[in-house]
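Visitor: below is the sequence, then the predicted model.
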Amino acid sequence: MTAEPRSTPSTPEPAAAAAPATPEARPAGAGAAALASRDLVVDLARVACILLVVVIHLLMIGVGYAPDGSLVVSRPLEAQPWFAAATWVGQIMPLFFAVGGFTALAAWRSLRRRGGDATAFVRGRVLRLAGPALPLFVFFSVVLGVATLVGVDPALLDTVATGTGSPLWYLAAFLIAQCAVPWMSQLHERAPLGTLVVLAAGAVAIDALRITTGIAAIGLANLFFIWLFVQQLGFWYSDGWFRRRRVVTLVGIAAAAYLVIWPLVAIGWYSPDMLVNLNPPTVPLALLGIAQLSLMSALHRPLSALMRRRTTQAVVYLVGSRAMTVYLWHLPVIIVVEGLSLLIPGAAPEPGSAAWWASRPIALVVVLGIVFAIAPLLVRFERLPTAIPQGFRAPTTFATATAAVLAIVPPFLVMQWFLDLPIALIGTALLVAVLLLLRPRRGPLRA
């Protein structure tokens with residue numbers, strides 16, 4: 001579950017890694033083999049979470065007219081008395097990092113078997129995340145620049161930019177975690193439990209320092225400890241630890257994780273609203289990760305049965321193949337749709353009214369329809385080639401490391417100071433530099 005200008009809890013995997021193969025996409029035998037080799041529950045979980053984020057944003061952004069004709073702008077979902085409690089279930093960012101760890105570990109092990117190294121892995125991860133982000137930063141640079149030149153109210157512009165740019169924070173956190181996979185996988189292979197314990201202890205120590213000193217910036221260190229901890233849970237899932245547990249054990253683990261969160265909130269160390277505990281990331285998110293992955297594993301059998309249906313596979317493939325586009329572009333589209341609805345008589349009822357709640361399914365269909373309509377224009381950025389053509393050589397380790405750092409900077413700036421025109425321009429320039437640094441160079445392969 002998510003909110004603006006706070007953080008959005010969802011993270012899509014790159015389309016190439018996220019979407020399951022379908023029988024229509026391959027010959028019958030190859031398609032069946034590809035499906036059998038995947039954990040389709042992971043694909044289902046990711047797609048369900050992405051769609052949940054879109055729905056939640058539609059319920060959070062309320063723009064319409066009151067009965068007296070005055071314009072009303074509000075956040076209807078957050079006004080509900082049960083909202084904070086719902087975030088204990090709806091804050092699904094930890095699950096995203098966990099399943100992201102699962103797929104990243106599989107990709108890294110596959111690359112390593114084919115003779116690839118950590119530099120090639122990091123280059124691929126950066127391309128698949130920075131590439132789709134570039135057109136969005138260009139879009140914001142143009143729109144915010146034009147709006148500034150024509151004299152749009154700066155306060156209104158700031159509000160809109162802050163809301164529509166909030167999902168970008170995920171790119172910083174996810175890139176940090178994904179770029180660490182080659183080294184964290186080594187630690188997992190040598191000392192899986194010890195690695196989890198060290199990461200958990202680091203997260204607790206950072207939170208203790210932040211709480212006792214009152215310095216919020218200290219919590220930024222948990223971008224490493226919390227998200228690497230949850231990603232490491234995905235490694236455990238990949239190795240079958242969760243699947244080997246009985247259902248009753250998994251439910252007990254999830255219940256225990258929630259029971260540990262409860263006193264931490266009751267004491268006052270953390271907010272009961274799990275969105276507040278997202279930026280900077282805090283210990284309750286690590287516990288949510290344990291609970292969510294345990295529950296997903298407990299439900300694995302019925303979810304697997306659901307994924308054997310061709311209709312479900314088709315939906316998961318459709319959304320999963322455009323995961324980054326849906327994630328990055330749904331909020332700008334929602335803002336545009338809400339704005340246009342004000343021009344249509346009767347299309348913008350008062351936010352929070354019965355008519356407004358009833359209009360949300362229609363709004364969801366419209367938003368997703370527009371997102372998928374623009375997706376073909378953006379697909380080239382989602383699927384930037386990672387292979388090195390014959391006669392070319394890969395970027396150096398230094399160039400790849402530099403590109404990874406530069407790719408993290410723009411979403412980190414958004415996370416800390418929210419989106420505005422200067423950050424949009426900086427982000428555009430840095431992401432262009434990233435793609436230039438990672439492009440193959442002409443010349444013989446390096447020894």
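Guide: Good, I have the coordinates.

Visitor: drop to CA atoms for contacts and neighbour counts, all remaining ones
Guide: OK.

Visitor: quickly find the element holding V152.
Guide: Under DSSP states H and E, no helix or strand contains V152.

Visitor: for burial, what's the neighbour tally of it?
Guide: Residues near V152, counting by other Cα atoms under 10 Å, number 12.

Visitor: please apply the same query to R210.
Guide: Neighbours of R210 (other Cα under 10 Å): 17.

Visitor: doesn't it belong to a strand?
Guide: No. Assessed with DSSP: H, G, I helix; E, B strand; the rest coil, R210 is helix; it does not lie in a strand.

Visitor: just checking, it touches G219?
Guide: Yes. Between R210 and G219 there is a contact under Cα atoms under 8 Å: 5.9 Å.

Visitor: for R301, give its distance to A118.
Guide: Using Cα to Cα, to the nearest Å, R301 is found at 35 Å from A118.

Visitor: let me redo that: L299
Guide: Distance from L299 to A118, by Cα to Cα: 34 Å.

Visitor: kindly report the same for T164.
Guide: 34 Å.

Visitor: low-scoring stretches of the protein, by residue?
Guide: Applying pLDDT under 70 to the chain flags the ranges 1-37, 444-447.

Visitor: go again with 80.
Guide: 1-38, 443-447 (pLDDT under 80).

Visitor: residue boundaries of the strands in it?
Guide: Under the criterion DSSP state E, the chain contains strands at 62-65, 71-74, 392-393, 441-442.

Visitor: deepest of these, which one?
Guide: strand 62-65 (a mean of 22; mean count of other Cα atoms under 10 Å).

Visitor: show me the contact partners of that one.
Guide: 71-76, 338-339, 342, 348-352 (Cα atoms under 8 Å, 6 or more residues apart in numbering).

Visitor: between R301 and A118, point out the one with more neighbours.
Guide: Set R301 next to A118 and count neighbours by other Cα under 10 Å: A118 wins out with 17 against 12.

Visitor: so that one sits right up against P182, yeah?
Guide: Yes. In terms of Cα under 8 Å, A118 counts as a neighbour of P182; the distance is 5.8 Å.

Visitor: right, and V432 touches L134 too?
Guide: Yes. V432 is in contact with L134 according to Cα under 8 Å; the separation is 7.2 Å.

Visitor: more neighbours: which of those two?
Guide: L134 (21 against 18).

Visitor: which residues touch the more buried one?
Guide: For L134, the contact set (Cα under 8 Å, 6+ apart) comprises F381, G427, T428, L431, V432.

Visitor: and the longest helix along the chain, what's buried?
Guide: The residue-count maximum for a helix in the chain (DSSP state H) belongs to helix 118-149. The neighbour-count check on helix 118-149 (16 or more other Cα atoms under 10 Å) flags 118-141, 144-145 as buried.

Visitor: also stretch 260-268?
Guide: Going through stretch 260-268 with 16+ other Cα under 10 Å, the ones that come out buried are I261.

Visitor: convert that stretch to CSV, retaining C-alpha atoms only.
Guide: Only the C-alpha atoms of stretch 260-268 are listed here, as CSV (Å, rounded to 0.1, in the frame of the first residue of the first chain):
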residue,chain,number,x,y,z
VAL,A,260,6.7,-8.7,17.1
ILE,A,261,5.6,-5.6,15.1
TRP,A,262,2.7,-5.0,17.5
PRO,A,263,4.7,-4.1,20.7
LEU,A,264,7.2,-2.0,18.6
VAL,A,265,4.3,0.1,17.4
ALA,A,266,2.5,0.1,20.8
ILE,A,267,5.7,1.4,22.5
GLY,A,268,5.8,4.3,20.0
